[in-house]
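Student: below are the sequence and a predicted model for it; my questions follow.
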Amino acid sequence: MATAVDDVAGAGQQQVLDGSNPVVARLRQLIAGQESTAGWSRCWEEGVTPWDLGQPTPAVVRLVQSGTLPAGDATTVLVPGCGAGYDVVALSSPGRFVVGLDVCETAINKAKQWSAAAAADDDGSRFFGFVAADFFAWEPPEPYHLIFDYTFFCALHPSLRPAWARRMDDLLRPDGELITLMYLVEGQETGPPFNTTVLDYEEVLNPLGLVITCIEDNEVAVEPRKGMEKIARWKRMVKWNCHI
């Protein structure tokens with residue numbers, strides 16, 4: 001007999017990511033007491049992936065369409081915690097090479113399999129790649145012009161947030177930009193996702209010189225997450241207000 005978890009496991013579309021969702025409750029069971037790689041791998045193997053929309057995040061599509069993202073022959077982008085890699089492919093273009101990074105080989109294998117068709121559509125050209133590695137230990141050959149973070153920060157235990165910020169600082173070029181699509185969940189006794197506020201980001205990024213250059217509500221968030229997401233853009237410079 002199907003359970004509530006069975007009914008929605010693997011169907012991330014239109015799911016709220018908090019403890020009221022039975023799939024999130026199952027996610028927390030799988031992650032609790034597990035070494036991080038093993039726990040996340042079990043989630044993918046069981047199809048317990050409530051964050052996975054099965055398509056690019058609408059906010060990513062809007063960012064690409066806005067024309068405000070860096071692009072050029074040597075522009076590189078990193079998407080840590082990329083999962084199945086939909087956003088990686090959406091961000092890629094002849095002017096942007098995008099790397100999707102995830103600690104879970106199962107997720108990376110899924111990303112490689114479905115994205116092979118996308119690469120074939122570009123006459124064999126590839127403007128993206130995937131790497132299975134630990135974000136906190138992986139060392140790329142060069143820092144990135146742009147890093148995009150969504151449901152990665154809030155998936156990490158709060159004790160890891162200072163280390164997350166240091167890695168972002170290390171992986172970003174001095175003139176690079178960090179974009180965080182923040183899922184601002186509150187009232188959770190545990191996680192993931194863990195309770196998150198804009199201040200939580202600022203407390204770990206500001207001391208490293210990364211400040212918000214603009215922040216807006218995510219108007220194209222999927223329905224259950226509307227009003228709970230903001231998009232912030234960060235650079236090593238003085239704050240100002242802008243529109244995405």
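Tutor: Structure's in. What do you need?
Student: what about L156, distance to T190?
Tutor: L156 sits 13 Å away from T190, going by Cβ to Cβ, to the nearest Å. All C-beta atoms are positioned from the backbone trio N, CA, C, and that covers glycine.
Student: what about the two, which has more around it?
Tutor: Set L156 next to T190 and count neighbours by other Cβ atoms under 10 Å: L156 wins out with 20 against 12.
Student: all the helices of this protein, residue numbers only.
Tutor: 4-8, 22-31, 36-46, 58-66, 86-91, 105-121, 161-171, 198-205 (DSSP state H).
Student: buried sites along the second one?
Tutor: By neighbour count, with 16 or more other Cβ atoms under 10 Å as the criterion, the buried positions of helix 22-31 are 22-24, 26-28, 30-31.
Student: what of the third one?
Tutor: Neighbour-count burial for helix 36-46 flags 36, 39-44 (criterion: 16+ other Cβ under 10 Å).
Student: Serialize those to JSON lines and add fields for pLDDT and distance to D102.
Tutor: Below are those laid out as JSON lines (pLDDT from 0 to 100; distance: Cβ to Cβ, whole Å):
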{"residue": "S36", "pLDDT": "67", "distance to D102": "11"}
{"residue": "G39", "pLDDT": "77", "distance to D102": "13"}
{"residue": "W40", "pLDDT": "81", "distance to D102": "8"}
{"residue": "S41", "pLDDT": "81", "distance to D102": "10"}
{"residue": "R42", "pLDDT": "83", "distance to D102": "14"}
{"residue": "C43", "pLDDT": "83", "distance to D102": "12"}
{"residue": "W44", "pLDDT": "80", "distance to D102": "9"}
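Student: and these, which is closest to K110?
Tutor: W44 (7.3 Å; Cβ to Cβ).
Student: which residues touch the closest one?
Tutor: The neighbourhood of W44, defined by Cβ atoms under 8 Å, 6 or more residues apart in numbering, consists of 104, 106-107, 110.
Student: can you rerun that using 10 Å?
Tutor: By Cβ atoms under 10 Å, 6 or more residues apart in numbering, the residues touching W44 are 10, 30, 52, 83-84, 102, 104-110.
Student: what sits closest to it if chain neighbours are left out?
Tutor: For W44, the nearest residue in space outside its immediate sequence neighbours is T106; the separation is 4.1 Å by Cβ to Cβ, 6 or more residues apart in numbering.
Student: and T57, by the same measure?
Tutor: Leaving out its chain neighbours, the residue that sits closest to T57 by Cβ to Cβ, 6+ apart is D87, at 5.4 Å.
Student: so that neighbour is in contact with I147, correct?
Tutor: No. Judged on Cβ atoms under 10 Å, D87 makes no contact with I147 at a distance of 12.0 Å.
Student: what sits in contact with each of these two?
Tutor: Common contacts of D87 and I147 (Cβ under 10 Å, 6+ apart): 77, 79.
Student: residue contacts, T196?
Tutor: Contacts of T196 by Cβ under 10 Å, 6+ apart are 151, 153-156, 158, 161, 182-186, 188, 228.
Student: please convert the buried members of those into ChimeraX selection syntax.
Tutor: Selection command for ChimeraX covering only the buried members of the contacts of T196, criterion 16+ other Cβ under 10 Å:
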select :151,153,154,155,156,161,182,183,184,185,188,228
